[in-house]
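J.: Sharing a model prediction with you, sequence too.
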Number of protein chains: 2
Amino acid sequence: MPRQRPVPPPISRDDFEAVRDQFIAAWGQMGPAWGVSRTMAEVFALLFITSEPLNTDQVMGRLRISRGNASMSLRSLVEWGLVARVHRRGDRKEYFQAESDVWALSRKVIRERLRREIHPLLTTLHEVRDRTHQPIGLVRFTPSSDVHETDRPVTQSELDAHNRRLDDMLELIQTIDRLAERFVGAEGKGLRVAASLLSKLV
Amino acid sequence: MPRQRPVPPPISRDDFEAVRDQFIAAWGQMGPAWGVSRTMAEVFALLFITSEPLNTDQVMGRLRISRGNASMSLRSLVEWGLVARVHRRGDRKEYFQAESDVWALSRKVIRERLRREIHPLLTTLHEVRDRTHQPIGLVRFTPSSDVHETDRPVTQSELDAHNRRLDDMLELIQTIDRLAERFVGAEGKGLRVAASLLSKLV
DNA sequence: CAGACATTTCAGAAAGTTCTGAAAGTTTTG
DNA sequence: CAAAACTTTCAGAACTTTCTGAAATGTCTG
């Protein structure tokens, strides 16, 4: 009986690419739910799961997207700090490499979202509060006899209810903000610390 | 000189509505960045900042949106658990009221996002892992002479790098998941606890 | 149980976003 | 410094999401 023939590896190139595809597709689907375009999420996933840096043409080819789209997506990822530009000796092309430390990734995402979304929101909420938290009784108003239902003045209790809700929301967002800032600022494995800490308590 | 007449509050109805508008607009802008439509975010903001329950026509009128849109948005908000249907004696219309406890709101949002986004993602990531974590060293491979670059087998080091990144990502998502589950499950002011706890540590 | 009132659904329209491809711009090389 | 190599930009096309309005469905009331 002849010796067993050499057996091909358990994972073919095609299978491996198919696995990567599944990973990439999973991120792509998440994208829109988190306010990022599908393609941007896919480009990130591709760079993350591929350990080697890739150039624009490789990204274009792998994901079947246009040069313009690839360029834009890569630029955004670099702006978010999730991907770095890499230069290779003797190669004029630019290569892109995903941050591989998932904790660093988390911190960068949180930092950017704070900067782009939470902080502007806080600014606006403070502005809103200032418009109704003005000292009361300073301004006079003499109602004319024909005040309609729709332009009757705002009652104190309406104002109180409004201010209570506004303040609650402000406090919430501020708490989230402080918590996130702390995580972002923390050296090293911030979330890990947070996690172990919380698990001890509850 | 006649005695000073009773003084109404310093904020006119119009100003009050303008303040609410600013609040609503701020949320509306956040919406898309968090994977929710602008209108849905606005409807929620309106209901939240208005203490009284509103009916569909009031929402339509206030935000200038169609009946269909209002109906759909309200339904989604009810599905997310952020808004409750309220019935009033002697009124056949349905009223909608936002959850007013911001901590309860947070918990509901987190619970839903876990269910809709994180858990499916975890499932897929596990599937992906199972496709490359098969036992190694069991199978042999002898390359034939004419293997092309594109269909050369996947090397062990490629596989290792892939698995390392995949596992890191999985661990991250799982940590986030556990942390969030804990917060969601916690009675009462979960985030507040988290916040004070973290602030003590770092 | 008929009519009035209220809500939901959904096809098509409108609005918004993402993508392409080619032209313009930039950098490198010989 | 001209040509080649590479990257960025952006107008319009393609696609996706959101919205409208009217019809269908559901519910209440006398």
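T.: On my side now, so go ahead.

J.: The top helix by length along chain A packs against which elements?
T.: Using DSSP state H, we find that the single longest helix of chain A is helix A:156-185. When contacts are defined as 3 or more C-beta pairs under 8 Å, 6 or more residues apart in numbering or on different chains; DSSP states H and E, helix A:156-185 packs onto helix A:102-113, helix A:119-132, helix A:190-201, helix B:13-33, helix B:38-49, helix B:102-113, helix B:190-201. Backbone N, C-alpha and C define where each C-beta goes, glycine included.

J.: try 6 Å this time
T.: Contacts defined by 3 or more C-beta pairs under 6 Å, 6 or more residues apart in numbering or on different chains; DSSP states H and E place helix A:156-185 against helix A:102-113, helix A:119-132, helix B:102-113, helix B:190-201.

J.: orientation of the second one relative to helix A:156-185 in degrees?
T.: When axes from the mean of the first three to the mean of the last three C-alpha atoms, to 10 degrees is applied, the directions of helix A:119-132 and helix A:156-185 differ by 160 degrees.

J.: Would you mind pulling the contact partners of helix A:119-132?
T.: Here helix A:119-132 makes contact (C-beta atoms under 6 Å, 6 or more residues apart in numbering or on different chains) with A:N163, A:L166, A:L170, A:I173, B:V19, B:Q22, B:F23, B:A26.

J.: can we see that at 7 Å?
T.: A:159, A:162-163, A:166, A:169-170, A:173-174, A:177, B:11, B:19, B:22-23, B:26, B:30 (C-beta atoms under 7 Å, 6 or more residues apart in numbering or on different chains).

J.: coming back round to it: can I get the helices and strands packed on helix A:156-185 in a markdown table with mean pLDDT, mean neighbour count and distance to A:L82?
T.: Below are the helices and strands packed on helix A:156-185 laid out as a markdown table (pLDDT from 0 to 100; neighbours: other C-beta atoms under 10 Å in any protein chain shown; distance: least, C-beta to C-beta, whole Å):
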| stretch | mean pLDDT | mean neighbour count | distance to A:L82 |
| --- | --- | --- | --- |
| helix A:102-113 | 95 | 18 | 6 |
| helix A:119-132 | 96 | 16 | 20 |
| helix B:102-113 | 95 | 18 | 21 |
| helix B:190-201 | 63 | 16 | 24 |
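
J.: now these as TSV including distance to DNA strand C?
T.: TSV is the format used below for the helices and strands packed on helix A:156-185 (distance: least, C-beta to the nearest atom of the strand, whole Å):
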stretch	distance to DNA strand C
helix A:102-113	15
helix A:119-132	16
helix B:102-113	19
helix B:190-201	29
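
J.: Let's have those helices in a markdown table, adding distance to A:R38.
T.: Converted to a markdown table, the helices and strands packed on helix A:156-185 look like this (distance: least, C-beta to C-beta, whole Å):
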| stretch | distance to A:R38 |
| --- | --- |
| helix A:102-113 | 17 |
| helix A:119-132 | 25 |
| helix B:102-113 | 18 |
| helix B:190-201 | 31 |
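
J.: Looking at those helices, which is nearest to B:E79?
T.: Comparing the helices and strands packed on helix A:156-185 by their distance to B:E79 (C-beta to C-beta), the top pick is helix B:102-113, with 8.3 Å.

J.: How many residues are close by A:D160?
T.: When neighbours are defined as other C-beta atoms under 10 Å in any protein chain shown, A:D160 has 12 of them.

J.: Against DNA strand D, how distant is it?
T.: 32 Å (C-beta to the nearest atom of the strand, to the nearest Å).

J.: so what pLDDT did that residue get?
T.: A:D160 carries a pLDDT value of 93.

J.: any idea which of the contacts of helix A:119-132 has the most stuff around it?
T.: B:F23 (26 neighbours).

J.: wait, doesn't it sit right on B:I49?
T.: Yes: using C-beta atoms under 7 Å, B:F23 is in contact with B:I49, at 5.1 Å.

J.: and chain A, what are its domains?
T.: Split into domains by automatic domain parsing, chain A comes to A:13-100, A:103-136+A:155-201.

J.: Endpoints of the first one, how far apart?
T.: End-to-end distance of domain A:13-100 (C-alpha to C-alpha, to the nearest Å): 23 Å.

J.: and the two most separated of the contacts of helix A:119-132?
T.: Top of the distance list for the contacts of helix A:119-132 (C-beta to C-beta): A:D177 and B:I11, 27.9 Å.

J.: quick one on the thing from earlier: from the contacts of helix A:119-132, pick the one nearest DNA strand D.
T.: B:M30 (12.8 Å; C-beta to the nearest atom of the strand).

J.: From chain A, how far off is that closest one?
T.: Counting by C-beta to the nearest C-beta, to the nearest Å, the gap from B:M30 to chain A is 6 Å.

J.: Would you quantify the distance from that residue to A:S66?
T.: Here B:M30 is placed at a distance of 30 Å from A:S66 (C-beta to C-beta, to the nearest Å).

J.: check contacts around the nearest residue to A:S100 once chain neighbours are set aside.
T.: Using C-beta to C-beta, 6 or more residues apart in numbering or on different chains and skipping residues adjacent in sequence, the residue nearest A:S100 is B:R165, 6.6 Å away. By C-beta under 7 Å, 6+ apart, the residues touching B:R165 are A:F48, A:I49, A:S51, A:S100.

J.: and the two most separated of these?
T.: Farthest-apart pair in the contacts of B:R165 is A:I49 and A:S100; separation 10.3 Å (C-beta to C-beta).

J.: what about the two, which has more around it?
T.: A:I49 (20 against 15).

J.: wait, isn't that one in contact with A:R20?
T.: Yes: under the criterion of C-beta under 7 Å, A:I49 makes contact with A:R20 at 5.4 Å.
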